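Colleague: next input, structure requested:
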Amino acid sequence: MEFAVLGPLRVRSDDGAPEPRVGAQHGLLAVLLTSPNVAISDDRLIDELWGGDPPASARHLLQVYASELRGLLGRLPDGPRIVRDRNGYALRVQPNELDAERFETAVVRTRELQEVDPEAADGILAEAMRLWRGAPFTGVRHPSPAVRTQAEYLERLHLEGLEIWIEARLQLGRHRELVSELSALVAEHPYDEALHAQLMLALYRCGRQAEALETARALESRLRDDLAVEASAQVRDLYRRILLQVPELMLEPPEPPSNLPGRLTTFVGRSRELQEVIELVEASRLATLTGPGGVGKTRLAVEAAQRLRPRFPGGVWWIDLASVTDPGLVADEAARVLGLTVMPGQEVVAAVARAFGRRRALVLVDNCEHVATAAAELAAAVVGGTAGPYVLATSRTPLRVEGEHLWTVPPLSLPADGAQPAELVEFDAVRLFVERGRAVDPSFALDAGTAPAVL
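Modeller: You can find the predicted model right below:
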């Protein structure tokens, strides 16, 4: 069962049980959800539901509402959802059933993560923000003091989570995408100095220094005229550093980690194919480049991964299985590449999948055909664990994993018989031949004498 209070109050159950009626049932459920698994006394519940002027039958009505809720919410394996003891009524909520608790856990986890691992903080809060559907406890007709207090707390927590999330994305160099979001938040929270400071920094990093300074001046004027207070020292110091164009403000995002092989030779041709593979990877969590041996699967995959690297802050990892002859060692090779130490008794495939977690990373699993079953198991575990990592594989045969998208690598373009030397250089296969020939013999040239042999 799921209890959702971050927006309209609602209850979802696997068995399709009806929602509590808007009114008294709704109000009681809302109060119980402010303190899940904690007994609330009759006197306090009556005060929350009816204030200082309860009806004479308030205790009886409370019993009726609680009984109706108990019937609607059903039972847990060890007893009913609504329980009563000498301390009062309590609503039993299991771990992860209440969206507000999951949201609070995410914000608490990222308070420290934002400094040491902004990428992880970004992933956790991106998922948490999807829980937020609007003002908490919407739809409760006459929210009690406890419900109003909890709603105000959750609104503050939401704003704190937004500020942590924005800070993490600023550290990751994503200032351009944040400007419009921050502008809307500043308009919604005109006195929030932390949001104004983040907008100032994002604007400055986008080359909009004048707008960043004007944001600070507008905030200072608003605080002084409306609240009779001065802007904080942090805002004033940021204004000064932006004015002086302090170099440290222009943070460049860290280079995503990678073990891709260096380019020892140029990448010839295949511009259309390269773009198609890049689009394929971005559109699907698991893509496999297939084709016969020597057609250029690895070279194309590595080039695509190199160009995709800025879009995968969690890194781009190349796992080459060409020398792995034992299928049982495929996962061990992946663990070696990642630098993992797997404890005895642990499943290596599961450990590799956990290592990526929610990180937006790209895993290039190369030369899979001779250990295809084990490679397929590894790929499925990596993409199936969370919504973060992507897999690009190369194999002469499909991996046959659910969700796999296949792309057949064509041979380089070839000239027709009888083509003239001047025409040959327009074809990728010839250009590759000439470049590699000149690497061996700098005097090599494509002319009337060599053209027939090249062709």
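Colleague: any weak-confidence spans in the stretch 251-400 of the chain?
Modeller: Residue ranges of the stretch 251-400 of the chain with pLDDT under 70: 251-255, 263-266, 385-386.
Colleague: apart from its chain neighbours, what residue comes closest to P410?
Modeller: Among residues not flanking P410 along the chain, E273 sits closest, at 7.0 Å (C-beta to C-beta, 6 or more residues apart in numbering). The C-beta positions use only the backbone N, C-alpha and C, and glycine is treated the same way.
Colleague: my read: the one you found touches L300, true?
Modeller: Yes: using C-beta atoms under 8 Å, E273 is in contact with L300, at 6.4 Å.
Colleague: who touches both of those two?
Modeller: V409 (C-beta atoms under 8 Å, 6 or more residues apart in numbering).
Colleague: give me the secondary structure label for the residue nearest to P410.
Modeller: At E273 the chain is in helix, as set by DSSP: H, G, I helix; E, B strand; the rest coil.
Colleague: so how many other residues sit close to it?
Modeller: For E273, the number of neighbouring residues by other C-beta atoms under 10 Å comes to 19.
Colleague: contacts only, for it.
Modeller: L300, V409, P410.
Colleague: just the CA atoms of stretch 69-82, as CSV, please.
Modeller: Taking C-alpha atoms only, stretch 69-82 is exported to CSV below (Å, rounded to 0.1, in the frame of the first residue of the first chain):
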residue,chain,number,x,y,z
LEU,A,69,-10.8,3.6,8.2
ARG,A,70,-9.7,0.2,9.6
GLY,A,71,-12.1,-1.5,7.2
LEU,A,72,-10.9,0.5,4.2
LEU,A,73,-7.2,0.1,4.9
GLY,A,74,-7.3,-3.6,5.6
ARG,A,75,-4.7,-5.6,7.4
LEU,A,76,-1.0,-6.3,7.5
PRO,A,77,0.1,-9.9,7.9
ASP,A,78,0.3,-9.5,11.7
GLY,A,79,-2.8,-7.4,12.3
PRO,A,80,-4.9,-4.4,11.2
ARG,A,81,-3.5,-1.1,9.9
ILE,A,82,-5.4,1.0,12.4
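Colleague: report the distance from that stretch to the chain centre.
Modeller: Distance, stretch centre to chain centre, for stretch 69-82: 35 Å (C-alpha atoms, centre = their mean, to the nearest Å).
Colleague: mind listing what's buried in it?
Modeller: Neighbour-count burial for stretch 69-82, counted by 16 or more other C-beta atoms under 10 Å, picks out L69, R70, L72, L73, R81, I82.
Colleague: from those, which land in helices?
Modeller: L69, R70, L72, L73 (DSSP state H).
Colleague: picking that back up, closest to H26 out of the contacts of E273?
Modeller: Using C-beta to C-beta, L300 comes nearest to H26 of those, at 58.6 Å.
Colleague: run the chain-centre distance for the helix or strand where that closest one lies.
Modeller: Element membership of L300 [criterion: DSSP states H and E] is helix 297-308. Offset of helix 297-308 from its chain centre (C-alpha atoms, centre = their mean): 23 Å.
Colleague: so where do the strands sit in the stretch 351-455 of the chain?
Modeller: Using DSSP state E, counting those that start in this stretch, the strands assigned to the stretch 351-455 of the chain run over residues 362-366, 390-394, 405-408.
Colleague: and D43, how many neighbours?
Modeller: Using other C-beta under 10 Å, the number of residues around D43 comes to 12.
Colleague: now do P261
Modeller: 11.
Colleague: circling back to that earlier point, give the next helix or strand downstream of the helix holding L300.
Modeller: Downstream of helix 297-308, the first helix or strand assigned by DSSP H and E is strand 316-320.
Colleague: ok and that following strand relative to strand 362-366, angle-wise?
Modeller: Calculated by axes from the mean of the first three to the mean of the last three C-alpha atoms, to 10 degrees, strand 316-320 forms an angle of 10 degrees with strand 362-366.
Colleague: spatially, what comes nearest to the most centrally placed residue in the chain if we skip its sequence neighbours?
Modeller: Relative to the mean C-alpha position of the chain, the nearest C-alpha, by C-alpha atoms, centre = their mean, is the one of G123, at 3.7 Å. Among residues not flanking G123 along the chain, R358 sits closest, at 3.9 Å (C-beta to C-beta, 6+ apart).
Colleague: for that neighbour, what are its contacts?
Modeller: By C-beta under 8 Å, 6+ apart, the contact set of R358 is A120, G123, I124, E127, T386, A387, G388.
Colleague: biggest helix in the chain by residues?
Modeller: With residue count as the measure and DSSP H as the assignment, the chain has helix 145-171 as its longest helix.
Colleague: give the buried residues for that helix.
Modeller: If you call a residue buried by 16+ other C-beta under 10 Å, then helix 145-171 has these buried ones: 146-147, 150-151, 154, 157-159, 161-171.
Colleague: how far does it sit from the chain's center?
Modeller: 19 Å.
Colleague: tell me what that helix is packed against?
Modeller: In terms of contacts (3 or more C-beta pairs under 8 Å, 6 or more residues apart in numbering; DSSP states H and E), helix 145-171 is packed against helix 24-34, helix 42-50, helix 99-116, helix 118-129, helix 175-188, helix 193-205.
Colleague: in the second one, what counts as buried?
Modeller: Put plainly, it is helix 42-50. Using 16+ other C-beta under 10 Å as the test for burial, helix 42-50 gives D42, L45, I46, D47, E48, L49, W50.
Colleague: tell me the contacts of the second one?
Modeller: With C-beta under 8 Å, 6+ apart as the criterion, the residues that contact L45 are L28, V31, L62, G88, Y89.
Colleague: of those residues, grab the buried ones for PyMOL.
Modeller: Per 16+ other C-beta under 10 Å, the buried members of these correspond to this PyMOL selection:
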select buried, resi 28+31+62+88+89
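Colleague: let me know the closest of the contacts of L45 to L414.
Modeller: Using C-beta to C-beta, those come closest to L414 at V31, 76.1 Å.
Colleague: can you tell me the closest non-neighbouring residue to that closest one?
Modeller: Counting by C-beta to C-beta, 6+ apart, the residue nearest V31 is E48, at 4.9 Å.
Colleague: please name the residues that touch that neighbour.
Modeller: Contact analysis of E48 by C-beta under 8 Å, 6+ apart lists G27, V31, I40, S144, P145, A146, V147.
Colleague: if we use 7 Å, what do you get?
Modeller: Contacts for E48 (C-beta atoms under 7 Å, 6 or more residues apart in numbering) come out as V31, S144, P145, A146.
Colleague: any idea how far it is from V38?
Modeller: According to C-beta to C-beta, to the nearest Å, E48 stands 13 Å off from V38.
Colleague: before we move on, back to that, widest-spaced pair of the contacts of L45?
Modeller: The distance between the two most remote of the contacts of L45 (C-beta to C-beta) is 11.9 Å, for L28 and G88.
Colleague: and A419, how close does it get to R438?
Modeller: A419 is 20 Å from R438, where distance means C-beta to C-beta.
Colleague: what of R299?
Modeller: From R299 across to R438, the span is 18 Å (C-beta to C-beta).
Colleague: how many neighbours does the closest residue in space to Y204 that isn't next to it in sequence have?
Modeller: What sits nearest to Y204 in space, not counting adjacent residues and going by C-beta to C-beta, 6+ apart, is A212, at 4.3 Å. Neighbourhood size, A212 [other C-beta under 10 Å]: 24.
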